[in-house]
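A.B. asks: mind folding the following:
(chains A and B)
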Amino acid sequence: MLEVFANILTLQNLSLILLGVAIGNVFGCIPGLNAPIAVALALPFTFNMELLPSISLIMGLYMGCVSGGLVSAVLLRIPGTAASVATTFDGYPMAQQGRGTEALSYGAFASFFGGIFSCIVLLALAPVLANIAIGFGPWEYFGTAALSLIIVCVMMSGKTLKGLIAVCIGLLLKTVGMSPIDGVAARFTFGNYSLENGFNLIVVIIGVFAFPEIINSIGKLKVVVKPAKIKNKLFYIPSWKDIKEQLGTMFRGSVIGTAIGILPGMGGGAASLISYAQAKKTSKTPEKFGTGCAEGIFCCESANNATTGGALIPMLALGVPGDTVTAIIMGALTLQGISAGPLLSMNQPVIFKSIIFAVFVANIFMFVYQIFTIKYMAKIVEVPKYYLFPLITMFCVAGVISLNNNMFDLIYLMGFVVIGYILDKNDYPLSPFILAFVLGGIVEDNLRRSITYYGSFIESMQQVSIGTLFVYLGVALLIYSAFRANRDKFKRFRKEKT
Amino acid sequence: MGELIFMAIIAVIAVFMFFVSGSFPVSIIDKSGGASLFPRIVIVLLLFFMIIRTVIVLRNKEEREKVFVFFEMFRGARLVYLLGTLVYILLVEPLGFVITTSVYLFGMANFMYFKQKDSIMSLQRNGIIFASGVLISLGMYLFFTRVLSILLPQGILGFL
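C.D. replies: Model prediction:
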């Protein structure tokens, strides 16, 4: 354990975590910028770094980004990231009542609590899960990845079918390039050598997330929201009485957040909304929710930060990323010669624990940084868009060029901008699309390995294994989802008739 | 209706890909179904889901009348941003990162300022924007190439 501490508690790594937290907070509090973009843009900077410094920077960014969304949610009523949607419900009314300082300090503390809680769960659960997964073969990995893709669609209430279409588009785009296993076919490259390695995940993420958001915001350039005023104090920290009163709320929020974080593609947005609904249901004063009550901030901020540790569990234990950020983190680990998965905790326990410890330290730094800088963070949300958008575009272009120094990446980036914009604006959820792109390789590779091993897909399905269970579970979920959609439709029809 | 056209376009591309996948070479030792197996499964699933979606759209008036957002992307300020960025991307290699980025930052900041404020930037502000654009792009270039050892296009400023 001492080795783990020594790994992370160096001046270089601590500085990088702090830098990551600071930059992440900026990205988080600017609406339209989010953790995937921040981590994707930071990736080129990690190319020349060693493993632990790069992990320190990335974890700092990840934690900083998720909690940074709180600032604009409270002061502008615009969530900086999707994870802060529910924070606007009580954060903004509180700020309107002149209690913006309190709202931000409650949010910062709850984020810290949720982050640390999920970190402890990550430390406890990831090795256990890794031990189970050590016996996984291709069929089990195929089942896990396929089930992840189905869950992320089914969870998109009312958008399951569109989610499935988005998944298929993502999977199909992932097939471009050299085929896995045999490596003899350059698929859908049409003679273009630049396509033989397929589309780069980072380019896809920048194309699908960053640019469409800018394009969308450009249509609303004239809309300028003035942030609510906050008190000018050196630092902000909630009182012990407030913390004691909200311990139960934060604990429940953290449990919900961690559990949802483990589920693929759900993310902080869903976690904070579910936590908010749950807190309102169990509160002694539910009527105060939405009017600026502390409970409403504690529950959702603890939940959205708890998703970070939860999302890292399947990535570190199974090598199956549950969301976009963990997919990029997994990519960063691969670049450093580390493959996330069950073998990581067995063969390189120090590295495994160092990664978790970096998350732990990032959460502490995030809290300390936020309580001291909240008044300055409030200024960032006021940065004019006409400076911000060209700068973000420049970072995106430089980030894409730096991946392979191949100008062709920039050309297909524009293609993904169009795809991302169309899907997003027409209610085709982006998270299943991205998750399919991330997991496409795992799904195909393991499906074909299973067929080779067992002889056929039908024979694979007859194996008594967790993989088979996951595949059947996935099919059952789809059937249930279709049944539920029809039942809801029928209920609506009956209601309209009466 | 727009969604149906979108799905029709996707379907045509998917069917085209299905037939193209027929020409993928297959290794004689490969027993996993070949390189075309997975894309074909995905295409069949995609077509299946899109057929269900088409039926839903056709049977539901509300869904049918929903506006499909696509052309908005190519109108007004958004179009200028897209074209500006496209030109930036196309010129970044021949002209170099520093020159194209400086011009892009200056031009785009001016355009967005005009769009937001309905007035042009003052000469003083223009000077500051231009100078900061040059400094940012030069700083970024030097940081990437000298500190991170990552190549960015030099273009006509080969001496940098």
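A.B. asks: got the buried residues for stretch A:95-115?
C.D. replies: Judged by neighbour count (16 or more other C-beta atoms under 10 Å in any protein chain shown), stretch A:95-115 contains these buried residues: A:95, A:99-115. Quick note: C-beta positions are derived from backbone N, CA and C, even for glycine.
A.B. asks: just the ones of those in helices?
C.D. replies: When DSSP state H is applied, the buried residues of stretch A:95-115 are split such that A:100-115 fall in helices.
A.B. asks: out of those, who's nearest chain B?
C.D. replies: A:Gly100 (25.3 Å; C-beta to the nearest C-beta).
A.B. asks: is the residue nearest to that closest one when sequence neighbours are not counted part of a helix or strand, or is it coil?
C.D. replies: Once flanking residues are discounted, A:Gly100 sits nearest to A:Ile230: 4.2 Å by C-beta to C-beta, 6 or more residues apart in numbering or on different chains. At A:Ile230 the chain is in coil, as set by DSSP: H, G, I helix; E, B strand; the rest coil.
A.B. asks: doesn't A:Ala95 make contact with A:Ile230?
C.D. replies: Yes. With contact defined as C-beta atoms under 8 Å, A:Ile230 reaches A:Ala95; the gap is 7.5 Å.
A.B. asks: any shared contact partners between the two?
C.D. replies: A:Leu75 (C-beta atoms under 8 Å, 6 or more residues apart in numbering or on different chains).
A.B. asks: what residues does the stretch 151-300 of chain A have near chain B?
C.D. replies: By C-beta under 8 Å from any C-beta of the partner chain, the residues of the stretch 151-300 of chain A that approach chain B are A:161-162, A:164-165, A:168-169, A:171-172, A:175, A:179, A:181-182, A:184-185, A:187-188, A:211, A:214-215, A:218-219, A:221-222, A:224.
A.B. asks: of these, which belong to strands?
C.D. replies: A:Arg187 (DSSP state E).
A.B. asks: among the residues of the stretch 151-300 of chain A next to chain B, which ones are in helices?
C.D. replies: Those of these lying in helices (DSSP H): A:Leu161, A:Lys162, A:Leu164, A:Ile165, A:Cys168, A:Ile169, A:Leu171, A:Leu172, A:Phe211, A:Ile214, A:Ile215, A:Ile218.
A.B. asks: could I get the pLDDT score of residue 58?
C.D. replies: You didn't pick a chain, so chain A it is. A:Ile58 is assigned a predicted lDDT (pLDDT) of 92.
A.B. asks: other chain: chain B
C.D. replies: So B:Leu58 comes in at 91 (pLDDT).
A.B. asks: can you pull the contacts of it?
C.D. replies: Contacts of B:Leu58 by C-beta under 8 Å, 6+ apart are B:Leu4, B:Arg64.
A.B. asks: the strands in chain B, which residues?
C.D. replies: Using DSSP E, strands in chain B do not occur.
A.B. asks: buried residues in the one helix or strand A:Asn305 maps to?
C.D. replies: Counting by DSSP states H and E, the element that carries A:Asn305 is helix A:294-318. Buried residues in helix A:294-318, counted by 16+ other C-beta under 10 Å: A:294-318.
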